[in-house]
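>>> Here's my sequence, what's the structure:
(one chain, ligands or ions: 1)
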Amino acid sequence: MTSVTCDPTGDYLTVDLGGKSRRFHAIWLRDNAPDPETRAPGNGQRLIALRDIPKDTTICAATLFDGELEVTFDPEKKTVRYDLGWLADHAYDGAHDRQRGRTAPGTTLWDNTLSQNVPTGDFTALSRDQTALATWLDHVIRYGFAKVTGGPVEPEALFKLVDLFGYVRETNYGRHFDVQAEVNPTNLAYTGLGLQAHTDNPYRDPVPTVQVLYCLESTAAGGDNMVVDGFAAAARLRAENESWFDVLADYTGRFEYAGEDGVCLRSRRPMIELGPDGELIGVRFNNRSLAALTDVPFDKMQTYYAAYRRLAEIIDDPAMEVMFRLEPGEAFVVDNTRVLHARKGYSGVGSRWLQGCYADMDSLRSTYHAIRGARTLEVAE
Ligand code: FE2
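Coordinates of the predicted model:
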């Protein structure tokens, strides 16, 4: 039997929700009131500021009706009804996971065993079928990357792929960039050299959170693409040596790119980025653009380099690599805050032409949640 009791102070109430006893503060309930004076019925945006809620707000009455909790607040004498399902979905009076280095719900860490089952979607299906698109977007969110096959083989076709989930982020490299061998490259990415697995543009703040690489020609030998789960690499480092994980998370790295006229990009961010509750939210790893480290104290610098070296060894471990080759009309999308990408070296015989661009995960997640329904607040476990 559902019940509600109000604390004598009026500061909070306690309500049974699905067999769990949950407390809610008066100020929290008042701020989250769903009535049309507090929330705009059309767009759901809050119409009041915190200054409009009296500082001494308390609960003076709380009653349960069918599936709803009715609360009256003092001193406003305002009565509001809350859906019990909504309260259950938004309860905060429970165990909070603050495990350092944990990953968000809906994240699946992976290693090279995923090579047998690379997450992939067919371009035509993604364009025509919202369910297929949602499944593919879930893969990008869950694994941090996914392939696309069967796309058009025409210049700038990558924009049609981005149109499915978001918006291009233009940078100094342009709205898109061509990855072909160049005689005098402005960036090592434009040569036939193999590249160590990296995240792109760590010298930006914020980094582009999505990178798209789209293949238009592929007759040169080699040049296979490879991805590594940066979150899995960080988790492995933590399991091996927690203090090495900590030094890369606790001290700020520096990244820089000034390889072309008029550009001097700099950032100060850690290689392993944690949220305030310990959640692993980003990995920045790029040997080409790590600048001189000056924010690591003298007595931590050797430990920092030992940790950086070990993280690099883990990233280079073939057991962590998922490898695939892109044929014309195929592409892959990576969450650039998590998944590192690399390219094996390729020969100058034949051609290999990829086009790349940046976009962002916020729009990709938005598209996913919009398809799945606004009530889906978290990616399903
Ligand atoms: Fe790259």
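>>> list the contacts for residue 277?
Residues counted as contacts of residue 277 (C-beta atoms under 8 Å, 6 or more residues apart in numbering) are 96-98. Any C-beta I mention is one placed from the backbone N, CA and C, and that applies to glycine too.
>>> Surely residue 289 and residue 253 touch.
No. Residue 289 is not in contact with residue 253 according to C-beta atoms under 8 Å; the separation is 10.3 Å.
>>> How about the helix or strand of the chain with the lowest mean pLDDT, which residues are buried there?
When each helix and strand of the chain is scored by mean pLDDT, DSSP states H and E, strand 195-198 comes last, with a mean of 90. By neighbour count on 16 or more other C-beta atoms under 10 Å, the buried set for strand 195-198 is 195, 197-198.
>>> Stretch 74-83 too?
Under the neighbour-count rule (16+ other C-beta under 10 Å), stretch 74-83 has 78, 80, 82 buried.
>>> Same check on stretch 305-324?
Of the residues in stretch 305-324, those buried by neighbour count under the rule 16+ other C-beta under 10 Å are 307-308, 310-311, 314-315, 320-322, 324.
>>> Show me which helix runs longest in this structure.
Here the longest helix in the chain is taken by residue count, with DSSP state H as the criterion, and it is helix 298-316.
>>> circling back: shared neighbours of residue 289 and residue 253, which are they?
With contacts defined as C-beta under 8 Å, 6+ apart, the residues shared by residue 289 and residue 253 are residue 202.
>>> hang on, the earlier thing: summarise which helices and strands the longest helix of the chain is packed against.
Judged by 3 or more C-beta pairs under 8 Å, 6 or more residues apart in numbering; DSSP states H and E, helix 298-316 is in contact with strand 195-198, helix 230-240, helix 242-250.
>>> those helices in the stretch 251-381 of the chain, which residues are they?
Counting by DSSP state H, counting those that start in this stretch, residue ranges of the helices within the stretch 251-381 of the chain are 298-316, 361-372.
>>> Could you say which one of the ones you listed comes nearest to residue 58?
Distances from residue 58 to each of the helices of the stretch 251-381 of the chain were compared using C-beta to C-beta; the shortest belongs to helix 361-372, at 35.1 Å.
>>> what sits up against that closest one?
130-131, 133-134, 137-138, 140-141, 164-167, 209-210, 335, 337, 376, 379.
>>> Out of these, which sit inside strands?
210, 335 (DSSP state E).
>>> Now, of the contacts of helix 361-372, which are buried?
Judged by neighbour count, with 16+ other C-beta under 10 Å as the criterion, the buried members of the contacts of helix 361-372 are 133-134, 137-138, 140-141, 164-166, 209-210, 335, 337, 379.
>>> Dump these into a markdown table; add pLDDT as well.
As requested, the buried ones among the contacts of helix 361-372 are arranged in a markdown table below (pLDDT from 0 to 100):
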| residue | pLDDT |
| --- | --- |
| 133 | 98 |
| 134 | 97 |
| 137 | 98 |
| 138 | 98 |
| 140 | 98 |
| 141 | 98 |
| 164 | 98 |
| 165 | 98 |
| 166 | 98 |
| 209 | 98 |
| 210 | 98 |
| 335 | 98 |
| 337 | 98 |
| 379 | 39 |
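>>> Looking at the residues you listed, which one is closest to residue 60?
The shortest separation between residue 60 and any of those is 39.1 Å, and it belongs to residue 379 (by C-beta to C-beta).
>>> related to what we said a few turns ago, quick one: which of the buried residues of stretch 74-83 sit in helices?
In this view, the buried residues of stretch 74-83 have no member that belongs to helices under DSSP H.
>>> Looking at those, which is nearest residue 13?
Sorting the buried residues of stretch 74-83 by distance to residue 13 puts residue 82 at the head of the list, at 10.5 Å, by C-beta to C-beta.
>>> Please look at the closest one and residue 65 and confirm they touch.
No. In this structure, residue 82 is not within contact of residue 65 by C-beta under 8 Å, at 10.4 Å.
>>> Now do the contacts for the residue nearest to residue 258 when sequence neighbours are not counted.
The spatial neighbour of residue 258 that comes closest, neighbours along the chain excluded (C-beta to C-beta, 6 or more residues apart in numbering), is residue 264 at 4.5 Å. For residue 264, the set of contacting residues under the criterion of C-beta under 8 Å, 6+ apart consists of 256-258.
>>> top of those residues by neighbour count?
When neighbours are taken as other C-beta atoms under 10 Å, the top entry among the contacts of residue 264 is residue 257 (20 neighbours).
>>> tell me the mean pLDDT for stretch 265-277?
Looking at stretch 265-277 alone, the average pLDDT works out to 98.
>>> what do you get for stretch 304-322?
Computed over stretch 304-322, the mean pLDDT rounds to 98.
>>> likewise stretch 359-371?
Throughout stretch 359-371, pLDDT has a mean value of 98.
>>> Report the distance from it to the chain centre.
On the basis of C-alpha atoms, centre = their mean, to the nearest Å, the separation between the geometric centre of stretch 359-371 and that of its chain is 10 Å.
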